[in-house]
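A.B. asks: output the structure for:
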Amino acid sequence: MTKVITYGTFDLLHYGHINLLNRAKALGDYLIVGVTSDDYDKIRGKINNRQSLMERVAALEALKIADEVIVEEYEGQKIDDIKKYGIDIFTVGSDWNGYFDYLKDYCKVVYLPRTQGVSSTDIRASNAKIKVGIIGEADNEHTSLQKFTKEASYVNGIEIVCSNCDIDNIAKVDDYVDLLKKVDAVYITSHPKNHYEQIKKALLEKKHVLCEAPISLNEKDFLELVSIATNNKCILMEGIKTAYTTAYKRLILLAKTGKIGDILSVDATCTSLKDVHNYTKEQLKNNWNTITEWAPLALLPIFDLLGVNYLSKRITTKLIDKENSFDSFTKIDFLYKDSTASIKVAKCAKSEGSLIITGSNGYIYVPAPWWKTDYFEIRYENPTENKRFFYQLDGEGIRYEIAVFTKAVELGKSNDVIDENISKAIALVMQDFYSKKDVYYLE
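C.D. replies: Residues are numbered from 1 along each chain as shown. Okay, the predicted model is just below:
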């Protein structure tokens, strides 16, 4: 029996795929089709698939051309599969001509001509695009406008429209009301004090919202926004780019599955040095302070791993401007029933920007800057047992965030990357900071 294997993403299965599979099947007696996993597609730069892995696998199985469908999850798996399944022929489309010649040491390699005039990329590009408006201040030091626009270009299915910002090659819209008439969704990266009103206005117009964290500065406003989004069947998604990266998701999963034993402490640090001491009162008023810029990110792994039901917290902060509650440095300590946690954030101080998750059997170490990591370690008492993990990181995670948001809008179903309870807990921390609850001030 001659065994044949081929691989692909097989997103939005079309007659070009079917023709290729039929020709592959004709090369032998038994055809195995490898479908690339979502994570492996990210590594290969394909972050705009319209269908999930299981949808793509189910579509292939329904064709009944392949005798067996497997999942491709990592670089180098093709050689492992060829050996494992006793493959005689590896085949792939001719657009890869010569690329897989290294597999000739293990089996015969055949490049098949592609069906002309059709591809998943073309199909995705021809579909109606989600028009996303951008709201923000281009001169704000926190601005994510340029990064968002650049990373959106890697994701099929969206078109960017801009309001109140200055980015080349983007359509300009004079005001927010006019913008909402022209878009399906908005990305909000304006000052946090404006988030509630801007989000509410968009949701009432039945527009989907992706907003840089924090969504709101108090729990009441957050719950109101969630209620409006639910009633109007809109997506309301918090933008913390790290949450959407493969490395972060993997380290959270490993910690939760007991790789370091019981989790006893989570400590996250995010700092930067900004020359805010020379800011005018107006500049301090209109720029993100430390707690809004850094705390949502630092709080994420704590709430992901330990939950949001802490017993107590203590906020220690140093203010530059009391009138605008502009903090240069803030430390928050949490006490849980069986664990502790802390964040250290600053715009006018510097520390090692690492994430450390302490367990009863070992610990997870993510080096600075941990929020942009493509690498982390699990360390044990015996160094020979330490393990290192590497993952592809593109666009600081922003393009993955955009892809998830686009998918959620298309499906009309919210994602669960950042749990609603976590977003609410972040809003509550903001509320306590501004209401001076559990806050202690450094001179």
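A.B. asks: tell me which other helices or strands the helix or strand containing Val429 touches.
C.D. replies: If you go by DSSP states H and E, Val429 is part of helix 420-435. Using 3 or more Cβ pairs under 8 Å, 6 or more residues apart in numbering; DSSP states H and E as the contact definition, the elements that helix 420-435 packs against are helix 219-231, helix 290-306, strand 312-321, strand 326-335. From N, CA and C alone the C-beta is placed, and that goes for glycine too.
A.B. asks: could you redo the last one with a cut-off of 7 Å?
C.D. replies: For helix 420-435, the helices and strands in contact under the criterion 3 or more Cβ pairs under 7 Å, 6 or more residues apart in numbering; DSSP states H and E are helix 219-231, helix 290-306.
A.B. asks: in it, what counts as buried?
C.D. replies: For helix 420-435, burial by neighbour count (16 or more other Cβ atoms under 10 Å) applies to 422-433.
A.B. asks: ok, back up a step: ranking the helices and strands packed on helix 420-435 by burial, who's on top?
C.D. replies: helix 290-306 (a mean of 25; mean count of other Cβ atoms under 10 Å).
A.B. asks: that helix to helix 420-435, inter-axis angle?
C.D. replies: Compare the direction of helix 290-306 with that of helix 420-435 by axes from the mean of the first three to the mean of the last three Cα atoms, to 10 degrees and you get 140 degrees.
A.B. asks: what angle do helix 290-306 and strand 326-335 make?
C.D. replies: Taking the same axes, to 10 degrees, one finds helix 290-306 and strand 326-335 inclined to each other by 20 degrees.
A.B. asks: for the record, mean pLDDT for helix 290-306?
C.D. replies: For helix 290-306, the mean pLDDT works out to 97.
A.B. asks: what about that helix, distance to the chain center?
C.D. replies: Between the centre of helix 290-306 and the centre of its host chain there is 15 Å, according to Cα atoms, centre = their mean, to the nearest Å.
A.B. asks: just give the nearest non-adjacent residue to Trp371, would you?
C.D. replies: Excluding its sequence neighbours, the residue lying closest to Trp371 (Cβ to Cβ, 6 or more residues apart in numbering) is Thr242, at 4.4 Å.
A.B. asks: Ala202: which element?
C.D. replies: Using DSSP H and E, Ala202 sits in helix 195-204.
A.B. asks: can you name every helix or strand that that helix contacts?
C.D. replies: Partner elements for helix 195-204 (3+ Cβ pairs under 7 Å, 6+ apart): helix 176-182, strand 185-188, strand 208-212, helix 219-231.
A.B. asks: hang on, the earlier thing: wait, the residue nearest to Trp371 touches Leu297, no?
C.D. replies: Yes - Thr242 lies in contact with Leu297 (Cβ atoms under 7 Å); the separation is 6.2 Å.
A.B. asks: can you tell me how far Lys241 sits from Phe389?
C.D. replies: Lys241 sits 19 Å away from Phe389, going by Cβ to Cβ, to the nearest Å.
A.B. asks: check Asp81 too.
C.D. replies: Using Cβ to Cβ, Asp81 is found at 22 Å from Phe389.
A.B. asks: likewise for Arg250?
C.D. replies: Going from Arg250 to Phe389 by Cβ to Cβ gives 6 Å.
A.B. asks: again, but for Thr292
C.D. replies: Following Cβ to Cβ, the distance that separates Thr292 from Phe389 is 31 Å.
A.B. asks: also His195?
C.D. replies: Computed with Cβ to Cβ, the distance linking His195 and Phe389 is 34 Å.
A.B. asks: between the two, who's got more neighbours?
C.D. replies: In terms of neighbours (other Cβ atoms under 10 Å), His195 is the more surrounded of His195 and Phe389; the figures are 26 against 17.
A.B. asks: what angle separates the helix holding Val429 from helix 219-231?
C.D. replies: Helix 420-435 and helix 219-231 meet at an angle of 150 degrees, taking the same axes, to 10 degrees as the criterion.
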